[in-house]
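In: starting from these lines, generate the structure:
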Amino acid sequence: MADRRSIFIGSSVHRWNDNRIFYKEAVSLSKHYDVELHAPADFENKSLHGVIIVGLSQWKKEYDRKNIRHELWNRLKNSNADIFIFHDPELIWIGIKTAITTNKKVIYDIHENTVESIKQKKWLNIFSKRISIVVYTVLQWIGTKVFSHFLLAENSYKSIIKNNATTILNYPIVKDWPTSSDKLYDLVYLGDVTEDRGGVSIIEIIRVLKENNNKIKLAIVGKIPHTFQKIISNKIKLYGLENNVDVFGYLNYPDAMKIVSQSKIGLSLLMPIKNYMYSYPTKLFDYMQGGIPFICSNFPLYKELVKECKTGITVEPLSINEACNEILILLNDQMLYNKMCSNGKSALKEKYNWSTQENKLIDLINSL
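Out: Below is the predicted model of the structure:
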């Protein structure tokens, strides 16, 4: 319709089919607005689920994204879109330029505690980290003055953006994924694979569990940085786990969820880092979606979720033995296991689902 407002969604980091950006926000907004998504893709353009997707170059190294940002800015300033929504901290300057030099309303969707994330970047030295934090903090402050609104993926980010912000939690789109009693994997890890996210721990867990069960199987589904991929491969070879661990790398969401549904227990052993401790890992909800219980870190926020949903077990993330003991309990107690599977799906349908967030998102855009 001619009177529909148009929205330009941009990302220089995330793939076009990122679950939050495309399947949730873009598709939900396309029901009411004309939506274009500009993000890294292996195609020039296509239309899917009511969203026009215009591909940006795919990147391999951080430096590659400089040209991607330049292309995104050229497209944006020549666009007739009414609203610009961006998802990456590195696009904050483009957001500021857009807000100041055009009539577009600008919305910054914050996915993480960026300052804490910078502190954890191993490729930056101490001086570079301090400079990056100062620069980003100043730009974020400017953003609070010129952006129309902020979207927050977690309630904890309210301590960062105190005003003019709406929390849009990253709950999953509820769907009944086909399950089978004949599981292919005992354990599954879903998400980016790094040491901070428990990438080494899950290999150590399989090493210990193999001592009692030579056929124990783990599926690893998610993007693995090149340098860390070597670490994972070396440990698998060192421990003789070639037949116990399948590494799939990044898969689109439906394919990833198929692996989750074919597994028995999900793992989320994030290390005690501030950027993780106060934010829900979306993989917990994905495990609930796939109808499986999970073992997760014993952070207070996660404990509250487990206490309410009764669909997982929390452990000290640095204790391999504790994680292994709890995994064995779940694998050997069929009644407890079945109850946790059922509890997770019920909690998802009753509360932790995207439809509750979709309505908030639409109401917000309508109010601008």
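
In: and the helices in the stretch 101-250 of the chain?
Out: Secondary structure of the stretch 101-250 of the chain (DSSP state H, counting those that start in this stretch): helices at 114-119, 126-146, 199-210, 226-238.

In: wait, which of those helices is closest to residue 253?
Out: helix 199-210 (20.4 Å; Cβ to Cβ). Just so you know, the C-beta spots here come from the backbone N, C-alpha and C atoms, and that holds for glycine as well.

In: do you know how far the spatially most central residue of the chain is from residue 307?
Out: Centroid-nearest residue in the chain, with Cα atoms, centre = their mean: residue 282, separated by 5.7 Å. Using Cβ to Cβ, to the nearest Å, residue 282 is found at 19 Å from residue 307.

In: same question for residue 207.
Out: 31 Å.

In: mean pLDDT lowest for which of the helices of the stretch 101-250 of the chain?
Out: Mean pLDDT is lowest for helix 114-119 among the helices of the stretch 101-250 of the chain, at a mean of 86.

In: packing partners for it?
Out: helix 126-146, helix 274-277 (3 or more Cβ pairs under 8 Å, 6 or more residues apart in numbering; DSSP states H and E).

In: got TSV for those, with distance to residue 159 and mean neighbour count too?
Out: Listed next are those as TSV, based on distance: least, Cβ to Cβ, whole Å; neighbours: other Cβ atoms under 10 Å:
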stretch	distance to residue 159	mean neighbour count
helix 126-146	13	14
helix 274-277	11	18
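
In: closest to residue 114 out of those?
Out: Evaluated over those, closeness to residue 114 peaks at helix 126-146, with 5.9 Å, by Cβ to Cβ.

In: if you count contacts, what does the closest one end up packed against?
Out: helix 92-101, helix 114-119.

In: need those helices in CSV (columns: mean neighbour count and distance to residue 273).
Out: As requested, the helices and strands packed on helix 126-146 are arranged in CSV below (neighbours: other Cβ atoms under 10 Å; distance: least, Cβ to Cβ, whole Å):
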stretch, mean neighbour count, distance to residue 273
helix 92-101, 18, 23
helix 114-119, 18, 7
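
In: out of those helices, nearest to residue 362?
Out: helix 92-101 (21.5 Å).

In: pLDDT of the closest one, averaged?
Out: Rounded mean pLDDT across helix 92-101 is 97.

In: that one vs helix 126-146, what angle?
Out: 30 degrees (axes from the mean of the first three to the mean of the last three Cα atoms, to 10 degrees).

In: now find how far off-centre helix 92-101 is within its chain.
Out: How far helix 92-101 lies from its chain's middle: 25 Å, per Cα atoms, centre = their mean, to the nearest Å.
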